[in-house]
Each structure stands twice: as structure tokens, then as C-alpha cells.
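Peer 1: using only what follows, build the 3D model:
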Amino acid sequence: MTPSLPDRAKALVDAREYATIATIQPDGGPQLSVVWITRDGDDLLFSTIEGRRKYRNLVRDPRVTVLVSPRDDPYTYVEVRGTASMTREGGVALIDALAQKYHGDERFVGDDGTNRVRVVVRVTADKVVWYGS
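Peer 2: Numbering: from 1, shown residues only. You can find the predicted model right below:
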């Protein structure tokens, strides 16, 4: 059974806080990225581009950890350890929704007009750790 996010953790993810994503490098070491995040129920969603390091790491090994902590209270956090799945479907819609959430922009303009392929990364929790008030 997949663990649920506590309501306080859902509120944190729903806020405009950044997440740190940890994936596993080919040599077994960690790789960290700061990303925009949202959720679908208890699953966490973020966007990346095919070919980026975190994408390649997740293709090879879908284990991932997501940490979200508020900027004004760094000792409060939710850590989600889980498994990532990826799809191209909805990739552009997700990055546009995240641009709206984080910057109030109608669409994301940071892909510089190239043919980069956006993907949705869905993290399904195996373990949820909540710490804080």
C-alpha cells in the first residue's frame, strides 16, 4: 500500500516552495536538482527534458527522493522516497502550469524554442517522512 501524504505535507507541496530531487548516478553516487513541484493526490509531479541527467538517471534506475522545505522554516520538511515513472503526455501542460504557480506566467518560456521533449515525472511514494510543526 502506498503511504499517504499528511495534510501539512500536501499544503507544503501546494505552496510555491522548491523541491530538491535526488537521483542515482551511473556510478551509484547521488545527483541533486532543484525543481518546481506539484502533486496529483499523493503522487508528486515535476517536469524535465529528455536527455537531462536526472532523466537519464531515472530511465536507468527509477528510485528517487524528493525533499520539500519552506524557505522560512528549513527545519520543517517532507521527504518522499519512491519510484518515478515518466511520460511525454502532458509534459508541456505541466511545465506551463508550474510556470503559472511559481511565476504567474501563462506559459513557460525557458525552453528557448528548441525541439526539447518535456516529460512528466510522477513520483509514487514508498515512504513519506514529515518533520516539523
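Peer 1: report the central residue of the protein.
Peer 2: Note on the chain: the residue nearest the mean C-alpha position is residue 46, at 3.7 Å, using CA atoms, centre = their mean.
Peer 1: ok, it touching residue 23?
Peer 2: No: counting by CB atoms under 8 Å, residue 23 is not a contact partner of residue 46; they are 11.4 Å apart. All C-beta atoms are positioned from the backbone trio N, CA, C, and that covers glycine.
Peer 1: who's in contact with the lowest-mean-pLDDT helix or strand in the chain?
Peer 2: The weakest-scoring helix or strand in the chain, judged by mean pLDDT, DSSP states H and E, is helix 91-103 (a mean of 94). Here helix 91-103 makes contact (CB atoms under 8 Å, 6 or more residues apart in numbering) with 16, 36-38, 45-47, 105-109, 111, 117-120.
Peer 1: let's see it at 6 Å
Peer 2: 16, 36, 47, 105, 107, 108, 118, 119, 120 (CB atoms under 6 Å, 6 or more residues apart in numbering).
Peer 1: can you tell me which of these comes closest to residue 82?
Peer 2: residue 120 (14.8 Å; CB to CB).
Peer 1: list phi and psi for that closest one.
Peer 2: For residue 120, the backbone dihedrals (degrees, to the nearest 10) come out as phi -90, psi 130.
Peer 1: you'd agree it is up against residue 90?
Peer 2: Yes: assessed by CB atoms under 6 Å, residue 120 is found in contact with residue 90 at 5.1 Å.
Peer 1: neighbour count winner among those two?
Peer 2: The neighbour count for residue 120 versus residue 90, taken as other CB atoms under 10 Å, is higher for residue 120 (20 against 15).
Peer 1: residues touching that one, list them.
Peer 2: Residue 120 makes contact with 45, 87, 90, 91, 94 under the criterion CB under 6 Å, 6+ apart.
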